[in-house]
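Undergrad: Provided below are the primary sequence and the corresponding predicted coordinates.
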Amino acid sequence: MSSVTLSSLLQKIGAILLEVACHNEDVIVVSESLDSLFDVFKEDDTDGVAKEISLVDQLVALQASFKLRIKEKRKELGENFSVVMMAKSNLAGFIKYKLSKR
């Protein structure tokens, strides 16, 4: 696969996952979307695509509302609590790491 095709594919995947993470009300769905974003964009060679889709800026904007929704839904999460809390923790770490690369 050419780098142009791979870049285009990563942009589409990233845009879809960001759409879900930023606009879905279900914190479990948002957590899973975030985990997928972390998996897709964890490698440094994806930084160019991440910049093109404003990944870090959108995640920074999402962070406060995500924390608030977790607080509001905490009692309803049940067995999904640990998954959601891990996504919350990973979000902070991912943002910190990607910002340090700028």
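TA: Sure thing, it's come through.
Undergrad: list the contacts of the residue positioned nearest the centre of the chain.
TA: Closest residue to the average C-alpha location of the chain: Leu34 at 3.2 Å, with C-alpha atoms, centre = their mean. Each residue near Leu34 by C-beta atoms under 8 Å, 6 or more residues apart in numbering is listed here: Ala21, Leu59, Phe66, Ala87, Asn90, Leu91. (Glycine included, C-beta is placed from N, CA and C.)
Undergrad: and if you look at Gln58?
TA: Gln58 touches Leu18, Ala21, Cys22, counting by C-beta under 8 Å, 6+ apart.
Undergrad: which of these has the most neighbours?
TA: Tallying neighbours with other C-beta atoms under 10 Å puts Ala21 at the head of the contacts of Gln58, with 23 neighbours.
Undergrad: that residue is in contact with Val30, isn't it?
TA: Yes - Ala21 lies in contact with Val30 (C-beta atoms under 8 Å); the separation is 5.3 Å.
Undergrad: next, check the contacts of Gln58 against the helices and list the overlap.
TA: Among the contacts of Gln58, the members falling in helices are Leu18, Ala21, Cys22 (criterion: DSSP state H).
Undergrad: what about the nearest residue to Lys98 once chain neighbours are set aside, which helix or strand?
TA: Once flanking residues are discounted, Lys98 sits nearest to Val56: 4.7 Å by C-beta to C-beta, 6 or more residues apart in numbering. If you go by DSSP states H and E, Val56 is part of helix 55-73.
Undergrad: now the element after that helix, going C-ward?
TA: helix 81-100.
Undergrad: please consider this matter closed, and thank you.
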